[in-house]
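# here is my input, please return the structure:
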Amino acid sequence: MMGLSLGEVLVILFFALLAFGPKQIPKIARILGRLTHEIKRIGWDISRAMNELEREVEKTIPKDEIADLAPKESPKFVIEQGRLSIEKPADEESSAKESETKDKEGAKDISKEDNDGRDNTGQKQTG
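Residues are numbered from 1 along each chain as shown. The predicted structure follows:
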């Protein structure tokens with residue numbers, strides 16, 4: 001039983017008897033038993049659904065394609081000056097820098113299109 005000693009269980013049952021009375025205790029025990037069974041059943045259903053999903057994925061996607069989706073190298077976590085950061089592999093860093101550069105260039109182009117002499121409120125600025 002969840003790490004409870006016999007004495008602790010007896011104390012809990014004694015207070016339950018005082019709080020609910022002898023007629024209500026069997027009803028409460030039945031309700032708790034059904035609740036426990038229902039929670040276990042839900043867990044079993046979730047486990048079965050996950051297994052079925054895994055089998056379905058294995059049927060539709062070849063294992064070599066699944067292996068290709070996994071990262072070649074796991075990221076390394078580094079703590080410097082009290083901050084947690086992820087150290088990316090070299091090939092990811094170069095592709096990330098290229099995409100950042102493209103994003104910044106795109107942002108510059110957008111800002112030129114949006115800035116037609118209007119301030120943040122949309123009012124046309126004079127002067």
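# got any ranges where this protein has weak pLDDT?
1-2, 89-127 (pLDDT under 70).
# can you give me phi and psi for S85?
Note on S85: backbone dihedrals following degrees, to the nearest 10 are phi -140, psi 160.
# put the alpha carbons of stretch 49-61 into CSV.
Output of stretch 49-61 as CSV, limited to C-alpha atoms (Å, rounded to 0.1, in the frame of the first residue of the first chain):
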residue,chain,number,x,y,z
ALA,A,49,-3.8,3.1,-28.5
MET,A,50,-0.2,4.1,-28.4
ASN,A,51,0.9,0.5,-29.4
GLU,A,52,-1.6,0.5,-32.3
LEU,A,53,-0.3,3.9,-33.5
GLU,A,54,3.3,2.6,-33.3
ARG,A,55,2.4,-0.5,-35.3
GLU,A,56,0.5,1.7,-37.9
VAL,A,57,3.5,4.0,-38.3
GLU,A,58,5.9,1.1,-38.7
LYS,A,59,3.6,-0.3,-41.5
THR,A,60,3.4,3.0,-43.4
ILE,A,61,6.8,4.5,-42.9
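# for it, which positions count as buried?
Of all the residues in stretch 49-61, not one is buried under the rule 16 or more other CB atoms under 10 Å. Every C-beta, even on glycine, is put in place using the N, C-alpha and C of the backbone.
# same check on stretch 63-83?
Result for stretch 63-83 [16+ other CB under 10 Å]: no buried residues.
# what does that stretch contact?
Stretch 63-83 is contacted from outside by 57, 84-89, using CB atoms under 8 Å, 6 or more residues apart in numbering.
# sec struct for K59, please.
helix (DSSP: H, G, I helix; E, B strand; the rest coil).
# how near is it to I66?
According to CB to CB, to the nearest Å, K59 and I66 sit 12 Å apart.
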